[in-house]
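Novice: Sequence plus the predicted model coming up.
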Protein chains: 2
Amino acid sequence: MTDEEPRQEEGEGRFLADYDPHAFAPAAVTVDVVALTIRSGDPHVLLTRRAAHPQRGWWALPGGFVRAQDGPDGPADPDLPDAALRVLSEKTLLPTELHLEQLGTYGARGRDPRMRVFSVAYMLLAPGLPDPRTGRDTEEAAWVPWRELGHGDGAHASRELAFDHGRVLTDAVERARSKLEYTALATAFLPPAFTITALREVYQAVWGQPLHAANFHRKILATPGFVEDTGELAERGGAGGGRRARLYRAGGAALLHPPLLRSTQSATRGTPR
Amino acid sequence: MTDEEPRQEEGEGRFLADYDPHAFAPAAVTVDVVALTIRSGDPHVLLTRRAAHPQRGWWALPGGFVRAQDGPDGPADPDLPDAALRVLSEKTLLPTELHLEQLGTYGARGRDPRMRVFSVAYMLLAPGLPDPRTGRDTEEAAWVPWRELGHGDGAHASRELAFDHGRVLTDAVERARSKLEYTALATAFLPPAFTITALREVYQAVWGQPLHAANFHRKILATPGFVEDTGELAERGGAGGGRRARLYRAGGAALLHPPLLRSTQSATRGTPR
DNA sequence: CCTAGTTATTCTCAGAATGAGTTTCTCTCT
DNA sequence: AGAGAGAAACTCATTCTGAGAATAACTAGG
C-alpha cells in the first residue's frame, strides 16, 4: 500500500482525520547494510561489534532503526535507501561514488526478543573505502575479509555473526557473484577510470577463481556498452615495469549482453580446489 | 536486527522487561502480491478493486497489513511469506504447487497518507489459476493480461494502478523475464508434467517474442538438470493431429548453466517488430 | 487403407563465440 | 642495449548458435 500521487476523493479526507495510527500493534523497521569493498585483492565486509542489547558484544552488520517520523533522534528518513546510508555513515566515510541495492526483507516472528522487527537488508558496493570510524560510542567497526567468514570457498565460518546476519551476508555474496555475470556491477568496485586488469581483478576477487587474462580482455571489449575508452593511459606499468595500460570508464550499459559467465566448471562446482 | 537464536546474557533479561514497544513512532508493514499465471498463452496478473480508503475504487495488487502480533483480526503471521499467502488466499484459490519470491520493499515517506507504511512486494508464479473469488466484501478481483497494463511490448498502460503498484508490477515483470534466462523458473508456470512445447510457450509468453522451436528443444535438453524425461507421452498431439509429445518434469537444477538468453536482438531492442 | 495436414523431434551446416596458448608492444630497471 | 614484466593482439581447434530442412508419429477425411 503506497501513495505516489495522493488523490483526494470524497470521504477520504474525513477518513484520514479519524484515523488513529497507534491502534496498530507495534512493529519496527530496521535497515542492515552489507557494505563490500575490495582491499588489496580481497573482498571485505564492514562489521560492527554491538554495543547495545540484544546480542551485545557480537559482531553484526551495521544497522539501525528506520526513522519513520520526525522525532528526538532526528528527522525522518525520506526513504529506505536514505536510512541505509545514514546508518552506514555513522561507521565509515561514504564515498561519492557508490552502488546501493536492496537485498531483501526479513521479518520472521521471534527474530528480535523486544518486538516484531522487520529488517530491510541493503548491499553497498564502493571502491577502496577507508578504515572505519571506530571508538565512537565504544562501538568497534572493522573491515573483515570474506574468507574469515566462510565465503572464501570453503564453507566454514570462523566467526559467527549476530542475529541472522550470517544468512544476510551469504545472500549478499551470492547476489554479488551472480550480478557480476549479467550486469556491469563490477565497475562499482572501481574508481571512475580503471584498467581492464583492475576489472579482471575484481572478478577474480569476488568469484574467487583465476581468469584467463587475454580472453577476459577480448570479452570485455566485445561486450557493447560495458566499458568506454578514455584515451588515457595508466600512470605506471606496475612495479617492475611493463606496458602502460589503457584506462577505461564504465559504459552506459547496466546489463551485459552477452553475459560474462563463470567457467562452466563452476556449474559442476563440487570441490573447488 | 534479528534474532534467530535468542541468547540470554546478563542484563539482557532486565533490559527486555523495561522495554516499551509503543515508545516508537507508529509504522505499518504491508505485503502486496504480484500473482502471475499464464492463461491461454498470455501472462495475466491478479488485480483487485480497492473497497476501502485510501484510493477506493482503484485497481491494485492484492495486499494487506502484516499481522505483527496476535490480535482481534486473527493470529500473527509467522513470517512475511505467510502474510503474502494469507492475503492472496482471500482472493483466489491457492494451488499446491507455487513459487513465491520476494521482490523488494518500498518505504518512501508519503506513500500512504495515513501513516508511514513499508510495503513488502512478493511475486507468485503458479500454473493455471482459476477465476478469482469475487463478490466477497464487494471487492472485485480479476485476472488481467499484461498487455492491457502496458507490458506487452509497447510502453503505454491502458489502465493505471493505485499507489505505486504500477512500478511494482513493472519490477515483477522485468524480474520474471530475466529470471527465465538464468533459472529454471519457467517450470513454475507449468503443471508437474509438461512438454517442451509447453515450456517454450511459457518463454514466448513472458518474453513476448517467438523462439525457434528446434533450437529451443536442443538447448533445453542440453542444459543439465533443467528437465527430466518422465518416459510418458502427452495425451494427444493437438487439435489437428500431430506426433504425441514427450512429457518431462522439472529437473533438480535451480540455476541454468549455460543460461537461455533472449535473442541477441533483444539487446539492441529498439523496435521489436 | 491411403493421403494430406499437423506437431514433435532430429539433422545439417555455416557463422559466431570460447578456451588455451603464443606473439607483439611498451615500459622499467640494470 | 638487453632482460624482465605487463598489456594487448593474434591463432586455432572446439563448442555453441541461428536457420532451415528432414524425419517421425499422429489425426482426419476420403
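Specialist: Thanks, I have it. The shown structure was predicted, so the numbers you read here are calculated from the model rather than taken from an experiment. Numbers count the residues shown, from 1 in each chain, chains lettered A, B, ... in the order given.

Novice: confidence score at A:F226?
Specialist: For A:F226, the pLDDT comes out at 98.

Novice: I should have written A:R273 there, sorry.
Specialist: For A:R273, pLDDT reads 27.

Novice: Test of understanding: give the bridge partners of A:A121.
Specialist: Beta-bridge partners for A:A121, by DSSP bridges, are A:D32, A:G104.

Novice: neighbours around it, how many?
Specialist: The local packing of A:A121 (other CB atoms under 10 Å in any protein chain shown) involves 27 other residues. For the C-beta atoms, the positions are set from N, CA and C on the backbone; glycine is no exception.

Novice: list the contacts for it?
Specialist: By CB atoms under 8 Å, 6 or more residues apart in numbering or on different chains, the residues touching A:A121 are A:31-34, A:61, A:102-106, A:168, A:171-172.

Novice: Measure how the lengthiest helix in chain A sits relative to helix B:165-182, angle-wise.
Specialist: In chain A, with assignment by DSSP state H, the single longest helix is helix A:165-182. Inter-element angle recorded for helix A:165-182 and helix B:165-182: 70 degrees (by axes from the mean of the first three to the mean of the last three CA atoms, to 10 degrees).

Novice: Which other helices and strands does helix A:165-182 contact?
Specialist: Under the contact definition 3 or more CB pairs under 8 Å, 6 or more residues apart in numbering or on different chains; DSSP states H and E, helix A:165-182 sits against strand A:27-39, strand A:99-106, strand A:116-125, helix A:196-207, helix B:165-182.

Novice: and the fourth one, is it in reach of DNA strand D?
Specialist: This means helix A:196-207. Yes. Interface with DNA strand D: helix A:196-207 contributes A:I196, A:T197 (CB under 7 Å from any atom of the strand).

Novice: Go through that helix and flag the buried ones.
Specialist: Buried residues in helix A:196-207, counting neighbours by 16 or more other CB atoms under 10 Å in any protein chain shown, are found at A:I196, A:A198, A:L199, A:R200, A:E201, A:V202, A:Y203, A:A205, A:V206, A:W207.

Novice: Tell me which helix or strand comes right after that helix.
Specialist: The helix or strand immediately downstream of helix A:196-207 is helix A:213-222, counting by DSSP states H and E.

Novice: and that following helix, how far out from the chain's middle?
Specialist: Offset of helix A:213-222 from its chain centre (CA atoms, centre = their mean, to the nearest Å): 26 Å.

Novice: Tell me which of the helices and strands packed on helix A:165-182 sits most buried.
Specialist: Mean neighbour count (mean count of other CB atoms under 10 Å in any protein chain shown) peaks for strand A:116-125 among the helices and strands packed on helix A:165-182, with a mean of 26.

Novice: Would you mind checking the average pLDDT for it?
Specialist: 96.

Novice: again with stretch A:28-47
Specialist: 95.

Novice: so which of the buried residues of helix A:196-207 comes closest to chain B?
Specialist: A:W207 (14.1 Å; CB to the nearest CB).

Novice: Can you report how many residues lie near A:L211?
Specialist: 17.

Novice: Isn't it up against A:E201?
Specialist: No. A:L211 is beyond contact range of A:E201, at 9.3 Å (criterion: CB atoms under 8 Å).

Novice: Number of residues surrounding A:P210?
Specialist: By other CB under 10 Å, the residues close to A:P210 number 10.

Novice: I figured A:I220 hits A:E228, correct?
Specialist: No. The pair A:I220 / A:E228 is not scored as a contact, 11.3 Å apart, by CB under 8 Å.

Novice: So for those two, which residue has more residues nearby?
Specialist: Taking other CB under 10 Å, A:I220 and A:E228 do not tie; A:I220 has more neighbours (18 against 11).

Novice: tell me the contacts of whichever residue of the stretch 51-200 of chain A sits closest to DNA strand D?
Specialist: Using CB to the nearest atom of the strand, A:T197 is the residue of the stretch 51-200 of chain A that sits closest to DNA strand D, at 3.5 Å. Residues near A:T197 by CB under 8 Å, 6+ apart: A:A213, A:A245.

Novice: any idea how far it is from A:R246?
Specialist: A:T197 is 10 Å from A:R246, where distance means CB to CB, to the nearest Å.

Novice: repeat for A:L98
Specialist: For A:L98, the distance to A:R246 - CB to CB - is 25 Å.

Novice: now do A:L260
Specialist: Using CB to CB, one gets 19 Å for the distance from A:L260 to A:R246.

Novice: Between those two, which has more neighbouring residues?
Specialist: A:L260 (19 against 15).

Novice: Please tell me I have it right and the more buried one contacts A:E181.
Specialist: Yes. Judged on CB under 8 Å, A:L260 makes contact with A:E181 at a distance of 5.7 Å.

Novice: on that earlier part again, to A:D73, which of the helices and strands packed on helix A:165-182 lies closest?
Specialist: A:D73 lies closest, by CB to CB, to one member of the helices and strands packed on helix A:165-182: strand A:27-39, at 13.2 Å.

Novice: Pull the distance from that closest one to the chain's centre.
Specialist: Relative to its chain's centre, strand A:27-39 lies at 7 Å (CA atoms, centre = their mean).

Novice: what's the following helix or strand after it?
Specialist: Counting by DSSP H and E, what follows strand A:27-39 is strand A:42-49.

Novice: quick one: strands adjacent to that following strand?
Specialist: Assessed with DSSP bridges, strand A:42-49 is paired to strand A:27-39 (antiparallel), strand A:59-60 (antiparallel), strand A:141-145 (antiparallel).
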